[in-house]
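S.K.: Any chance you could fold what I've pasted below:
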Amino acid sequence: EVHRPEHFAVANAIGAAIAQVGGEVDRVFAIEPGRRDAAVDEARQEAVDRAVVAGADPATVAIVDFDEVPIPYLPGNATRIRCKAVGDLRIDQVASA
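M.R.: As a prediction, this is how the structure comes out:
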């Protein structure tokens, strides 16, 4: 026996509507000696900016995933940085669209 609640056909749409908005960066940086923090900050800021452009409320955006992998076979101290930021949907922006 299968029990189907009322409005079961739109359950997925409701879940998508309450999901957070995200922005992600996945890039290879050539990190100069002593400049790692600057590259990490740049990646984090770019992820936050992308989340805000996608519709996230800037006051709620946070970094939820960060990965840094050195790539020894590339010159210039290459490092792959992947960063993801998410935040709550900005309702006032959606209402005016």
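
S.K.: need the strands for the protein, in chain order.
M.R.: Using DSSP state E, the strands of the chain run over 21-30, 62-70, 78-87.

S.K.: Need the residues that contact the last one.
M.R.: So that's strand 78-87. Strand 78-87 has contacts (CB atoms under 8 Å, 6 or more residues apart in numbering) with 20-31, 36, 39-40, 43-44, 46-48, 50-52, 56-71. For every residue, glycine as well, the C-beta is placed using N, CA and C.

S.K.: Give me the number of neighbouring residues for the residue lying closest to Phe66 once chain neighbours are set aside.
M.R.: The shortest distance from Phe66 to any non-neighbouring residue, by CB to CB, 6 or more residues apart in numbering, is to Cys83 (5.1 Å). Neighbourhood size, Cys83 [other CB atoms under 10 Å]: 24.

S.K.: With Ala13 as the reference, measure out to Cys83.
M.R.: Distance from Cys83 to Ala13, counting by CB to CB, to the nearest Å: 29 Å.

S.K.: before we move on, what about Thr60?
M.R.: 22 Å.

S.K.: More neighbours: which of those two?
M.R.: Thr60 (14 against 9).

S.K.: Pretty sure the more buried one sits against Val52.
M.R.: No: taking CB atoms under 8 Å as the definition, Thr60 is not a contact partner of Val52, at 10.1 Å.

S.K.: what ranges do the helices span in this protein?
M.R.: Taking DSSP state H to define them, one finds helices in the chain at 11-17, 36-53, 91-96.
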